[in-house]
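1. Need a 3D model of the sequence below.
(chains A, B and C)
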Amino acid sequence: MASSAAAAPPLEPSTTKRNSSYSRKQKSLSLLCSNFLSLYNRDDGATSLIGLDDAASRLGVVRRRIYDIVNVLEGVGLLARKSKNTYTWKGFGAIPNALKELKEEGLDLTPIPTCSNNPLDDTKREKSLALLAQNFVKLFVCSGFAAESKSISLDEAAKLLLGVGDSQNVSVMRTKVRRIYDIANVLSSVNLIEKIHTADTGKPAYRWLGLNVKTDDLHPNSAPNSDRSKRRSFGTDLTNVSCKRSKVAEKPMQDQGEVDESNSDGPAKESYKSYQFGPFAPVAVPRARRINMNKVRWESLGASFRPQYQNQALKELFSHYREAWKSWNSKLLDASR
DNA sequence: CCCTCCCGCCAATCT
DNA sequence: AGATTGGCGGGAGGG
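-> Coordinates of the predicted model:
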């Protein structure tokens, strides 16, 4: 082994108990993920290797935490497992394809055990964070249900990702929700989703951002006017935006709901709907209307739009990251907006 | 009090 | 057998 654990690493304590005066936020998964990203994100195509132990020590955490991050990032295509202890950084350029695949794959709630003859080998995969993460993403990418600018609350997501039966089981639900928190946190770090709070219920929910990242000084003509106030920062600081309520718990919804966004929620001085404009080319491809969602209520998949991304866009994305990172960093210092 | 979700035990798998 | 992976949920921190 010789994991050179001798001299204390330059970072924080790694084997501390839950004591230590480090605040919870400073140890959050999202933050860790952001750090992870800034550590390995290379904008040039160069694919770097990521060693689990290396990452863990450089980030000052135990291996276990790295798995949490890596598993969901892999589901989105940012990473790929190369071999034992090693992952390959694929980069943001790999996301579009990964999403596309997920979309075509369609949300397929794992075949229930009942009549399965496959080894319990599958049940393992069935519960994996990776799969759950992908399914969570599909919730947005596939059905016309939560697609685009709609949002899903924690409970909705959990219920949807669980069998109808299980969603009744309090314990099972609780566990599922816990996992979704984990997933959502890393996905927000990557800016694929955003946490919001519904105006009335105040219940937290997640909204899909995809790669439509809008950087401030980007394409001034894509945003009506005031284009500040939307600087999403990394980690903990979550933008608080009022959004339409989505109170009703699970609901079948069987009409192809064509996500209309009549966001008449009022106050929000800036509705996030100036979507695919900037550097993104909409490219309406009316096809891809088949998704094999078996069972459950997944027959609706309204708007089937498929933005096409281009290098330019990715370029922007990266600069966005540096910006966000920078702002977050300074924010941490003076600990005050 | 309830929402978040960190933390690390330890089981399943892989070498 | 030892090393890797990673499910899982107790229970603490924070609003």
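2. okay, CA-based contacts and neighbour counts for the rest of this
-> Will do.
3. The stretch 151-300 of chain A against DNA strand B: which residues are in contact?
-> Selection of the stretch 151-300 of chain A residues close to DNA strand B by C-alpha under 7 Å from any atom of the strand yields A:154, A:178, A:181-182, A:185, A:203-204, A:236.
4. and with 10 Å instead?
-> Contact residues, the stretch 151-300 of chain A versus DNA strand B (C-alpha under 10 Å from any atom of the strand): A:153-155, A:174-186, A:195-197, A:202-205, A:235-238.
5. Return the subset of those lying in strands.
-> A:153, A:195-197, A:204-205 (DSSP state E).
6. Lowest-confidence entry in the residues you listed?
-> Checking pLDDT across those, the minimum falls on residue A:197 at 85.
7. surely that one meets residue A:204?
-> Yes: assessed by C-alpha atoms under 8 Å, residue A:197 is found in contact with residue A:204 at 4.4 Å.
8. The two: who's more crowded?
-> residue A:197 (23 against 17; other C-alpha atoms under 10 Å).
9. element containing residue A:69?
-> Secondary structure from DSSP states H and E places residue A:69 in helix A:63-75.
10. remind me which residues of the stretch 151-300 of chain A are low pLDDT?
-> For the stretch 151-300 of chain A, the stretches with pLDDT under 70 are A:200, A:212-300.
11. run the last query once more with 50
-> A:214-300 (pLDDT under 50).
12. List, one by one, the residues from it near DNA strand C.
-> A:171-179, A:182, A:236-237.
13. Give me the subset of the residues you listed lying in helices.
-> Among these, the members found in helices (DSSP state H) are A:171-179, A:182.
14. Mark which of those are buried, thanks.
-> A:173, A:176-177, A:179, A:182 (16 or more other C-alpha atoms under 10 Å).
15. Mind putting those residues into JSON lines with distance to residue A:122?
-> Converted to JSON lines, these look like this (distance: C-alpha to C-alpha, whole Å):
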{"residue": "A:173", "distance to residue A:122": "20"}
{"residue": "A:176", "distance to residue A:122": "18"}
{"residue": "A:177", "distance to residue A:122": "21"}
{"residue": "A:179", "distance to residue A:122": "19"}
{"residue": "A:182", "distance to residue A:122": "22"}
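16. Which of those lies at the shortest distance from residue A:98?
-> Using C-alpha to C-alpha, residue A:182 comes nearest to residue A:98 of those, at 20.1 Å.
17. The closest one and residue A:29 touch, don't they?
-> Yes: Residue A:182 sits in contact with residue A:29 when judged by C-alpha under 8 Å, with a separation of 7.1 Å.
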